[in-house]
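**Q** could you look at this predicted model? Sequence included:
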Amino acid sequence: MRSFIIFGQGRSGSKLLVHLLKSHPQVQCDGEILGKRNWRGAKKLPYWLVRRYPVPYILWKAERCTYDVYGFKLFVHHITEASRTIHAVLARDWQIVHIQRRNLFDQAVSRAVASTTMHWGGFQRLKDPDTTYLTIPPERVLVIAQEYVKNRQRILQVLASVPYLTVTYEDDLLDEASRNRSCGAIFQALGVEQRPVSSTTQRSWNRPYSELIANYSELLDLMETSEAQALQAEWRRLFD
């Protein structure tokens with residue numbers, strides 16, 4: 001059995017990619033198996049051990065899979081030693097799929113909206129999506145953007161000396177042709193037959209953020225400040 005990890009950060013299209021890949025009849029693709037939200041209650045105590053030493057749990061999950069291919073989604077903040085974990089699974093012939101999003105502002109705003117509404121995407125839209133208006137504190141978006149830059153630096157350090165595939169939200173996930181092309185490359189790397197992909201996941205909102213967020217102009221003004229400009233310059237450098 002072949003296995004893979006979707007590795008990156010949130011609000012990059014990772015949930016969509018999970019659903020696209022698992023639409024293939026030979027592929028099981030789980031979500032954030034190491035995400036803190038999945039380790040509540042009685043699971044809270046073992047979570048801190050698994051977070052430090054995740055490889056046995058990862059391999060256990062893969063061994064339970066009844067499909068030809070097993071994969072899951074891993075964000076860099078889920079575990080304490082991402083580099084050690086990535087190298088450990090690569091030694092077992094796993095495939096790494098790095099998912100990324102080029103637009104820092106859109107990614108940060110997307111996370112701010114999700115954390116404000118506690119709606120992280122899925123199969124159903126929020127109630128009354130056409131009449132909802134949000135106010136997002138500009139400083140919140142700046143803090144999120146700073147976190148994304150810091151985490152991208154960590155991700156690139158982890159990937160610096162390892163083989164991986166890349167899926168970029170803007171290039172590979174916005175239309176059907178791009179989705180089939182990018183998923184086809186992943187299927188080829190995993191040694192399964194090519195199949196068209198599909199997903200029933202949909203956007204949470206009918207409207208663009210410029211209409212949904214009451215103070216959207218304030219967020220745009222924020223990105224023109226010297227601090228935000230420096231962040232965006234570093235973000236662009238990390239894509240070069």
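**A** Received it, and whenever you're ready, just let me know what you need.
**Q** residue contacts, the closest residue to Glu81 other than its chain neighbours?
**A** Nearest in space to Glu81, with sequence neighbours left out and distances taken as Cβ to Cβ, 6 or more residues apart in numbering, is Arg52 at 7.3 Å. C-beta coordinates here come from the backbone N, C-alpha and C atoms, glycine included. Applying Cβ atoms under 8 Å, 6 or more residues apart in numbering to Arg52 gives the contacts Ile79, Thr80, Glu81.
**Q** and the residue nearest to the first one when sequence neighbours are not counted, how far is that from Ile96?
**A** If you skip the residues right next to it in sequence, Ile79 has Pro54 as its closest partner in space, 5.1 Å away by Cβ to Cβ, 6+ apart. Taking Cβ to Cβ, to the nearest Å as the criterion, Pro54 is separated from Ile96 by 15 Å.
**Q** swap in Ala228?
**A** 31 Å.
**Q** all strands of the chain, in order?
**A** Ranges of strands within the chain are 2-8, 27-29, 69-75, 95-100, 165-168, based on DSSP state E.
**Q** buried residues, the shortest one. List them.
**A** Read it as strand 27-29. Val27, Gln28, Cys29 (16 or more other Cβ atoms under 10 Å).
**Q** ok, now the last one?
**A** Judged by neighbour count (16+ other Cβ under 10 Å), strand 165-168 contains these buried residues: Leu165, Val167, Thr168.
**Q** quick one: the second one and Arg40, what's the gap?
**A** If I follow you right, that is Val167. Distance of Val167 to Arg40, given as Cβ to Cβ: 29 Å.
**Q** do the last one as well
**A** Using Cβ to Cβ, Thr168 is found at 33 Å from Arg40.
**Q** mind putting the contacts of Arg52 in TSV, pLDDT and distance to Leu142 included?
**A** Formatted as TSV, the contacts of Arg52 follow (pLDDT from 0 to 100; distance: Cβ to Cβ, whole Å):
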residue	pLDDT	distance to Leu142
Ile79	97	26
Thr80	96	26
Glu81	96	28
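**Q** between those residues, which is nearest Leu212?
**A** Ile79 (33.1 Å; Cβ to Cβ).
**Q** ok, the closest one touching Tyr57?
**A** No - contact criterion Cβ atoms under 8 Å: Ile79 and Tyr57 do not qualify, at 10.2 Å.
**Q** of the buried residues of strand 27-29, which is the nearest to Ala185?
**A** Val27 (13.9 Å).
**Q** and the helices in the protein?
**A** 14-21, 44-52, 55-63, 82-90, 104-117, 138-159, 169-172, 176-190, 209-212, 216-222, 226-237 (DSSP state H).
**Q** of those, flag the one that's most buried.
**A** Per residue and on average, the most neighbours among the helices of the chain fall to helix 14-21, with a mean of 22 (mean count of other Cβ atoms under 10 Å).
**Q** contact partners of that helix?
**A** So helix 14-21 is contacted by 6, 8, 27, 29-31, 71, 73, 75, 97, 99, 120-122, 167, 173, 179, 183, 186, 197-201 (Cβ under 8 Å, 6+ apart).
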